[in-house]
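3D, please:
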Amino acid sequence: MRQEQSQGKHVRSGRPPGTLFIVGMPIGHPDDLTIRALRIFRHVGLVATKHPHATHTLLTHHGIHTTLTTYDRVNAAEKVPILLGRLKQGTHIALVSDCGMPVVYDPGRLLIQAASTAHIPIEVIPGTSAVVTAAAVAGLDGNAFVFEGRWSGGVREITRRLGSLKSESRTMILFPPAQALRQILTLLSKILGNRRVVVAADLTHKTQQIVRGRVQELLTNYPFHNGSIQVTLVVEGMRTTRKRARDVT
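Below is the predicted model of the structure:
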């Protein structure tokens, strides 16, 4: 696996800029990478990725070998001007997350904003998303849903966030840490009530597990894990009952 160095070779001035490709990645199964994404990976000169080793493994699975550079929350501020310089020199760059779409709980927006300001061409190559995949498999109302991101912190913070969602009528999608799932469901039951929920663990992996039921059912029967599984929690929105108007006689 080749790692990108901070200093790139200069090219002659006047060359048109490269394109920044925002590429969706599989959330589990490697063959969920789209045909268009495969073509882009063979075309670009550099891939900016959160986890180079994981990206290298995926691309090798598809017979693709290209240069990778680390781009994550820790080094994003440092890497943005370097990557922007490469784009201005004419290098095509693919921006990827570890899974799913860049920018969805990912620092990709910093590079995208910088490229947009510099009038660098930007193209999106859509791919799978744990949010939409979970919304589809849950079988709850998908006409409108809200993505609430990752959940961490202590009881006070989780309680505050759940309290703010008490009157939310849309389906809610959360990324809870596996080790905090029982605690979150317990607090959810106390604050939002015995809602219908779906726990989607390791979506599209061979170890995928989908569990549906009321919160209390899951607290009683779900085999909680403390390992490295990826969990997406889908929660039913507040249900409103409409009273029928009575005819006045």
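
can you give me the domain boundaries for this protein?
With domains defined by automatic domain parsing, the chain comprises 20-125, 130-235.

span of the last one from start to end?
Counting by Cα to Cα, to the nearest Å, you get 15 Å between the two ends of domain 130-235.

ok, now stretch 199-206?
With Cα to Cα as the measure, the ends of stretch 199-206 fall 16 Å from one another.

ok, residues contacting it?
26-29, 32, 128, 130, 133-134, 137-138, 178, 181, 207-212, 218, 222, 225, 229-234 (Cβ atoms under 8 Å, 6 or more residues apart in numbering). C-beta: built from backbone N, CA, C; applies to glycine.

which of the residues in that stretch are buried?
In terms of neighbour count (16 or more other Cβ atoms under 10 Å), stretch 199-206 has its buried residues at V199, A200, A201, D202, L203, T204.

tell me the gap between that stretch and the middle of its chain.
When distances are taken as Cα atoms, centre = their mean, to the nearest Å, stretch 199-206 is centred 14 Å away from the chain's centroid.

related to what we said a few turns ago, check the contacts of stretch 199-206 for burial and list the buried ones.
Using 16+ other Cβ under 10 Å as the burial test, the contacts of stretch 199-206 include 26-28, 32, 128, 130, 133-134, 137-138, 178, 181, 210, 212, 218, 222, 229-234 as buried.

of those residues, which belong to strands?
I210, R212, V231, T232, L233, V234 (DSSP state E).

helices of this protein, start to end?
Ranges of helices in the chain, per DSSP state H, are 35-43, 52-61, 76-88, 108-117, 130-138, 155-164, 181-192, 215-221.

list of residues touching the longest one?
The set of residues that contact helix 76-88 without belonging to it, under Cβ under 8 Å, 6+ apart, is 6, 8, 17-20, 45-46, 48, 69-71, 93, 107, 110-111, 114-115, 118, 120.

could you redo the last one with a cut-off of 7 Å?
Outside helix 76-88, the residues that touch it by Cβ atoms under 7 Å, 6 or more residues apart in numbering are 6, 8, 17-18, 20, 46, 48, 71, 93, 107, 110-111, 114-115, 118, 120.

pLDDT below threshold where in the protein?
1-13, 226, 241-249 (pLDDT under 70).

let's see it at 80
1-14, 104-106, 153, 223-228, 240-249 (pLDDT under 80).
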